[in-house]
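**Q** structure, please.
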Amino acid sequence: MCAQPYSFHAREFLRKLLAFKQVSFTINHTNQAGREYGNLIVDGKSVTETMVAAGYATVKPPANKDGKMHADREALFGIQTQAEKAGRGMHSKTVDKNTMIRKVNYDPDNFKFFFENRGKPVPVLIDYVRNASTLSVEILHPDLKHSVTNVTLCGINAPRTAPAKRKNGAKGKGRKEEKAHPVAAYAQYFVQKRLLNREMQFIPLGIDKYGNLYGRVQFADHPERDITKMLLKHGLGRFLPWTAALCDPKLAEEYRACEAQARAASQNIWRYIKPAEVKAPEVPTVTSMRVVMVSSGDSLIVADAKGKERRVNLASIRAPRLGRREGDESEPLAWEAKEYLRRKLVGKRVNVRVEYRRGGQGTPDFVTIEQGKININEQLCTLGYAKVVPHKLEEARATNYISLVVAEKKAELAKKGVHSGSKDVHKFTDLTDRPRAPRKAKDGEAAAPQRRGEADVARAKAMLPTLGSGSHKGHVEYVISGSKLKVYLTSKKIMLNVVLAGVQVPRPSGRNDKKGDKYGNDAQALVRSLCLQHNVTVEFASGDGAVDRRGNFVGYVWTESPRKSIASALLEQGLAKIFLRSAEAGSYLEDLRKAERGAKSKRLRMWENFDEELKKRQEARAAAMKAEAKSKNQKIKVTEIVDGVTFYAQLVEDKNIK
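**A** Reported below is the predicted structural model:
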């Protein structure tokens, strides 16, 4: 049903005439349905006569069959005639009636409204009070193109009233019947008494993922009056930090003080809350840390000033998930989101602010990371590499949650990243993907087969032509040990294990308290600090030495800026020894020897008991014995002939033979 011209103006005239005023009334008659009709008096004047005189109401035609006028309507017809002659209200001859029709949008674009009016006072009419902190408002506009939406007050979470009962007693599927808080009805009435049907100013300050608006509602004629303060001071709501943070810091502290005052006096809701349930507000702490590793587009490992590492998750956002297990496929843009963080953050110092925690002790903190003036959480949303996580109203969230929502919405409108609709997933060849040990077979069931040994070597050697000769650019995805790295080759799109050529490195301790070699953990730690998730250059060994007996590739790895050989770095720190057979096959033997000599001279770690002079004497004695064995002829006695080239013999001069 379309609204009639001047219907909104008539309602507004009546609202301004009656709202918040004391009135009196008389009942004239009651119809058969029980509806009562009467006359309303305000300020000593009849409301009916005032409406007719203003041109916002007309007198009903005669109801008698003979067409005679009721006596009580004759005076009203006279007032209406005067309004028509004066052209008041709907009787105007100069105004197009079609321009006097209000058009209401009940499903407005709240994001557009927020972008256009953030922080600005907007005139609204309070249509309905859903609960003490959530209001249904009509946003007023001079051209009568209004919109109706819900807004939530910043800084407060008021108790909710019970939802309306469904028809025929039907219940929502899986829903439990909600009971209203004992104070909810009074809190709702407290706001209705002060705001309902009053023209106010709404200042939009925030918006959530679902388009719900948050802000302040203030009196147009008395901006200093704050309904949120009134509610908190009377104990009709609890202070909500994340929405209070949208307001001026000074005002947020005033809200907190109002809550403390009501809590001290045990007013209203504070009579039902035990002191143990009141948690002290957590002040976000900001710490400078170094990013060690990026696990996914929203999960990282960081280290503090003492080198202690811990895993953190980015607060209030979710990046696409990587496939972790065999058979699991990654979500679109999961690899790209992770790569963005890796290239931007690994090895860099950042500011980490803990926003909230989920679960018990030992679970990762949810944090906001800033690199200089760049907010990484927000940047991921801006580029379309992450979506904002929906939170419940009372849940803690990132301090800049509203900025995250705005960034996500802009990326959505621009169809960036995950909002583009692309289903493409980063594909690469994973040569590190090897089956786990076969599970124990059940009765009558064969154990799962496992690919090992020769099959792994054959698979690796088959890939050598694809890799070709020369160096390859990539990054170290994971450090398995001091000598074994999981490397991704960018141009080839291949993930493979690389064993460092030319060096022997002690093994680190393994899982289940498996004890490793001395200095094994130190070697692994050094390699992690040098190249974990850093860009590297890889040069594979040539010939048969390119692949070891377990199917791992053998080669040399250098870091970038500055260029540094991982093998040489280990030798310099005394955390490795030269593996001569492998080193001689390559072109870097002299570099490795130079690095090892430095560690020997300083007696570092593996060379802590090294004696240079003793080593030289031992080498000289061994060389002499070798030369003597070559030049001396000895008499033997053949004891057995196996075949034409194999026989057993004894030294004639051997004193042990009787």
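
**Q** now do the contacts for Y272.
**A** Applying CB atoms under 8 Å, 6 or more residues apart in numbering, we find Y272 in contact with 181-183. Just so you know, the C-beta spots here come from the backbone N, C-alpha and C atoms, and that holds for glycine as well.

**Q** what of I578?
**A** 502-504, 571, 589, 592-593, 596.

**Q** mind checking pLDDT for it?
**A** Note for I578: predicted pLDDT of 93.

**Q** quick one, phi/psi of it?
**A** phi -70, psi 130 (degrees, to the nearest 10).

**Q** same check, this time on L322
**A** Torsion angles, degrees, to the nearest 10, at L322: phi -90, psi 140.

**Q** any idea how far L196 is from it?
**A** L322 sits 52 Å away from L196, taking CB to CB, to the nearest Å as the criterion.

**Q** pretty sure V23 contacts I41?
**A** Yes - if you go by CB atoms under 8 Å, V23 and I41 touch, sitting 6.4 Å apart.

**Q** list residues touching both of these two?
**A** V47.

**Q** more neighbours: the two, which one.
**A** The neighbour comparison of V23 against I41 (other CB atoms under 10 Å) goes to I41, with 14 against 11.

**Q** wait, a strand at that one?
**A** Yes - according to DSSP: H, G, I helix; E, B strand; the rest coil, I41 belongs to a strand.

**Q** that one touches Q22, doesn't it?
**A** No - contact criterion CB under 8 Å: I41 and Q22 do not qualify, at 10.1 Å.

**Q** low-confidence bits of the protein, can you list those?
**A** Where the chain drops to pLDDT under 70, the residues are 1-2, 62-72, 164-178, 280-283, 325-327, 434-453, 512-513, 613-614, 628-632, 658.

**Q** can I get the longest helix along it in CSV, CA atoms only?
**A** Ordering each helix of the chain by length in residues (DSSP state H) puts helix 612-631 first. Provided in CSV are the C-alpha atoms of helix 612-631 (Å, rounded to 0.1, in the frame of the first residue of the first chain):
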residue,chain,number,x,y,z
GLU,A,612,97.2,-28.6,15.6
GLU,A,613,100.7,-29.9,16.3
LEU,A,614,99.4,-33.4,17.3
LYS,A,615,97.3,-33.5,14.2
LYS,A,616,100.4,-32.7,12.0
ARG,A,617,102.5,-35.5,13.7
GLN,A,618,99.7,-38.0,13.3
GLU,A,619,99.3,-37.1,9.6
ALA,A,620,103.0,-37.3,9.1
ARG,A,621,103.2,-40.8,10.8
ALA,A,622,100.3,-42.0,8.7
ALA,A,623,101.9,-40.8,5.5
ALA,A,624,105.2,-42.5,6.4
MET,A,625,103.5,-45.8,7.2
LYS,A,626,101.7,-45.7,3.9
ALA,A,627,104.8,-45.0,2.0
GLU,A,628,106.7,-47.8,3.8
ALA,A,629,103.9,-50.3,3.1
LYS,A,630,104.1,-49.5,-0.6
SER,A,631,107.9,-49.9,-0.9
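
**Q** so in that sheet, which strands flank the helix or strand following that helix, and in what orientation?
**A** Where DSSP states H and E defines the elements, the next helix or strand beyond helix 612-631 is strand 636-641. Paired strands of strand 636-641, with direction, are strand 647-651 (antiparallel) (DSSP bridges).

**Q** and the contacts of the partner strand?
**A** 634-642, 657.

**Q** what of stretch 558-569?
**A** In contact with stretch 558-569 (CB under 8 Å, 6+ apart) are residues 485, 500-503, 526-527, 530-531, 534-537, 539, 556-557, 576, 588, 591-592, 595.

**Q** now with 6 Å, please.
**A** 500, 502-503, 530-531, 534-537, 557, 591, 595 (CB atoms under 6 Å, 6 or more residues apart in numbering).

**Q** try stretch 330-345
**A** 291, 294, 296-297, 319-323, 385, 417-418, 422-426, 533.

**Q** quick one: contacts for T161?
**A** T161 touches 131, 180, 184, 188, counting by CB under 6 Å, 6+ apart.

**Q** and S330, how many neighbours?
**A** Around S330 there are 17 residues (other CB under 10 Å).

**Q** how about it: what's its closest non-neighbour residue?
**A** Spatial nearest neighbour of S330, chain neighbours left out: G323 (4.3 Å); criterion: CB to CB, 6 or more residues apart in numbering.

**Q** does that neighbour touch E329 like I think?
**A** Yes - between G323 and E329 there is a contact under CB atoms under 6 Å: 5.0 Å.

**Q** strands along the stretch 401-550 of the chain, start to end?
**A** 429-430, 471-479, 484-489, 494-500, 503-504, 535-540 (DSSP state E, counting those that start in this stretch).

**Q** how about these in CSV, adding mean neighbour count?
**A** Below are the strands of the stretch 401-550 of the chain laid out as CSV (neighbours: other CB atoms under 10 Å):
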stretch, mean neighbour count
strand 429-430, 14
strand 471-479, 18
strand 484-489, 21
strand 494-500, 22
strand 503-504, 21
strand 535-540, 19
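
**Q** out of the ones you listed, nearest to V354?
**A** Across those, V354 has its closest neighbour in strand 471-479 (26.5 Å, CB to CB).

**Q** from the chain's centroid, how far away is that closest one?
**A** With CA atoms, centre = their mean, to the nearest Å as the basis, strand 471-479 stands 28 Å off its chain's centre.

**Q** which other helices and strands contact it?
**A** strand 484-489, helix 520-531, strand 535-540 (3 or more CB pairs under 6 Å, 6 or more residues apart in numbering; DSSP states H and E).

**Q** now the strands of the stretch 401-550 of the chain as CSV including distance to A33?
**A** Shown next, in CSV, are the strands of the stretch 401-550 of the chain (distance: least, CB to CB, whole Å):
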stretch, distance to A33
strand 429-430, 78
strand 471-479, 78
strand 484-489, 79
strand 494-500, 79
strand 503-504, 98
strand 535-540, 83
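
**Q** turn the helices and strands packed on strand 471-479 into JSON lines, including distance to K461.
**A** Listed next are these as JSON lines, based on distance: least, CB to CB, whole Å:
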{"stretch": "strand 484-489", "distance to K461": "17"}
{"stretch": "helix 520-531", "distance to K461": "26"}
{"stretch": "strand 535-540", "distance to K461": "12"}
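
**Q** and the strands in the stretch 201-350 of the chain?
**A** So, for the stretch 201-350 of the chain - with DSSP E, counting those that start in this stretch - the strands run 213-219, 238-239, 286-296, 299-303, 309-314, 317-318, 349-357.

**Q** can you add mean neighbour count and give those back as TSV?
**A** Below are the strands of the stretch 201-350 of the chain laid out as TSV (neighbours: other CB under 10 Å):
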stretch	mean neighbour count
strand 213-219	22
strand 238-239	21
strand 286-296	18
strand 299-303	20
strand 309-314	18
strand 317-318	21
strand 349-357	18
